[in-house]
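Student: give the three-dimensional model of this entry:
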Amino acid sequence: QDTPFLLFPPYTRNQHNSLQLRSAVASPQLSGLSRPIAGCLQPAHSRAQTQGTLCGHNFRRFDQVHLTRQWPELGSLQIIDTLELSLLAFALEPSHRLQKDYKLSDYASNDPLEDVRATRLLLEQCLKNLGQHPAPLRQLYTWLLTHGETTADAAYRGLFEPLGWLPEAPPTFSDLPPAVLTDLSSDALNYIWGILQREADFDRRFIVAALLVWNFERNQHQSKQAPSAWLNHLPQFQDTLDQLFPVTPAGFTYQPFLEAFDIPSFQGVQEEAVQAIITRKNPLILMPTGGGKSLCYQLPALMYYRRQWGLTVCISPLQALMEDQVADLEAKGLDFATYINSTLPAELRAERLEALRNGHKGLLYISPEQLRSISIRSLLREHPPALWVIDEAHCISQWGQSFRPDYRYIPKFIQELYTDLNRP
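Tutor: Take a look at the predicted model:
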């Protein structure tokens with residue numbers, strides 16, 4: 001409580017050209033902000049350097065990015081981000097948005113003062129929950145968040161030291177609760193140890209911390225909740241996930257997945273096709289009707305879902321075909337697939353979208369036209385798919401009368417999605 005905090009939510013220009021605090025700025029036009037704002041920011045900058053630390057929700061990767069384009073000197077601000085702390089304190093929560101209970105609806109205006117109070121309340125709740133973690137686990141993530149040379153490390157050192165949480169060294173693996181390291185291979189442990197010893201990048205260290213706390217919580221509570229989808233916004237996330245939870249770890253065999261589909265072995269070129277997909281070779285698979293081509297992508301989809309809670313999107317031309325595929329999987333006891341099309345009632349569509357957002361489904365069937373849907377686009381930005389499948393690929397051809405122009409939009413959408421996320 002002795003550490004001063006300047007709670008600093010986002011801001012924009014109001015009608016009087018004065019500083020206005022807000023909790024979300026969709027597209028800040030900082031170049032048009034007036035000098036009164038700069039006058040407010042500079043004292044805040046000086047105060048943060050001499051007296052305390054700025055604290056805000058998703059401030060580091062949103063607001064500060066926009067602010068430093070106008071005022072580069074603000075890049076040195078020491079920031080405690082309650083979004084980061086929330087992922088550690090409430091690892092099994094599906095959403096980490098700032099709770100604005102004062103708003104009667106999503107369309108109500110934001111109240112700057114109430115947003116500050118909500119941020120402060122969240123900070124207090126986070127610290128309370130973090131204080132209830134086993135000491136070695138807390139030592140693990142506080143070390144990961146403080147042993148570097150970035151301004152983020154300095155900010156968290158200032159937060160944890162008065163609480164007596166600033167570690168002098170990382171914990172040994174033997175000191176950690178077993179649930180932290182459950183399901184992690186020896187290669188994954190070696191990777192984590194390397195991160196603990198010499199990783200300079202703060203975001204990568206934070207991802208490791210978030211995944212290990214999540215692994216502890218889900219094993220402790222036997223939860224099926226996926227890691228926070230927000231981590232997908234960090235470019236290092238997929239590579240880090242591959243290191244900790246690889247799709248094909250050492251000693252891997254396809255047999256458990258074949259058994260899940262109730263088949264004894266691959267047929268024909270199925271294994272070659274599956275291997276090409278898993279190794280990201282983007283194969284074109286041509287098989288006769290009844291040759292088992294659906295397994296070629298459904299089995300990798302199940303692998304991505306069970307190992308990395310990843311989403312596979314299958315573009316399918318016919319609604320009846322989607323329904324049949326999902327029904328066939330459910331008949332085998334595989335309930336990880338769903339479909340969304342234009343015939344679904346609004347309530348059922350919303351229910352399925354929520355299941356996908358929460359990581360409770362791992363295979364989504366949609367038509368190419370659905371990629372223009374706002375709700376689908378929003379979902380895929382939150383959960384960028386690990387695998388894309390174009391079923392009945394002959395529909396891509398422009399030859400013949402049944403060509404659907406939205407097939408041309410698929411590569412454009414995919415490229416824009418991953419470019420925006422700074423991911424390959």
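Student: got any ranges where the protein has weak pLDDT?
Tutor: Within the chain, the ranges that satisfy pLDDT under 70 run 1-52, 398-403.
Student: what do you get if the cut-off is 50, keeping everything else the same?
Tutor: Low-confidence segments of the chain, defined by pLDDT under 50: 1-6, 8-41, 47-51.
Student: what ranges do the strands span in it?
Tutor: When assigned using DSSP state E, the strands of the chain occupy the ranges 5-7, 11-13, 19-21, 53-56, 79-81, 312-315, 337-339, 363-366, 387-390.
Student: and the last one, what does it pack against?
Tutor: Which is strand 387-390. helix 293-308, strand 312-315, helix 409-420 (3 or more CB pairs under 8 Å, 6 or more residues apart in numbering; DSSP states H and E). Any C-beta I mention is one placed from the backbone N, CA and C, and that applies to glycine too.
Student: export only the CA atoms of the last one, formatted as PDB.
Tutor: I take that to be helix 409-420. What follows is helix 409-420, C-alpha atoms only, in PDB (Å, rounded to 0.1, in the frame of the first residue of the first chain):
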ATOM      1  CA  TYR A 409     -12.200 -14.300 -50.600                       C
ATOM      2  CA  ILE A 410     -10.800 -17.100 -48.400                       C
ATOM      3  CA  PRO A 411      -7.100 -16.500 -49.100                       C
ATOM      4  CA  LYS A 412      -7.500 -12.700 -48.700                       C
ATOM      5  CA  PHE A 413      -9.200 -13.200 -45.300                       C
ATOM      6  CA  ILE A 414      -6.600 -15.600 -44.100                       C
ATOM      7  CA  GLN A 415      -3.700 -13.400 -45.100                       C
ATOM      8  CA  GLU A 416      -5.200 -10.300 -43.500                       C
ATOM      9  CA  LEU A 417      -6.000 -12.200 -40.300                       C
ATOM     10  CA  TYR A 418      -2.500 -13.400 -39.700                       C
ATOM     11  CA  THR A 419      -0.800 -10.300 -40.900                       C
ATOM     12  CA  ASP A 420      -2.800  -8.200 -38.400                       C
END
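Student: quick one on the thing from earlier: for the helices and strands packed on strand 387-390, give me TSV that also has distance to Tyr156.
Tutor: Shown next, in TSV, are the helices and strands packed on strand 387-390 (distance: least, CB to CB, whole Å):
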stretch	distance to Tyr156
helix 293-308	28
strand 312-315	36
helix 409-420	28
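Student: which of these sits closest to Asp101?
Tutor: helix 409-420 (31.0 Å; CB to CB).
Student: for the closest one, name the packing helices and strands.
Tutor: Against helix 409-420 (3+ CB pairs under 8 Å, 6+ apart) you get helix 374-382, strand 387-390.
Student: could I get the strands of the chain as TSV with mean neighbour count and distance to Phe90?
Tutor: Formatted as TSV, these follow (neighbours: other CB atoms under 10 Å; distance: least, CB to CB, whole Å):
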stretch	mean neighbour count	distance to Phe90
strand 5-7	18	20
strand 11-13	19	27
strand 19-21	17	25
strand 53-56	24	17
strand 79-81	23	14
strand 312-315	24	28
strand 337-339	22	26
strand 363-366	25	26
strand 387-390	20	29
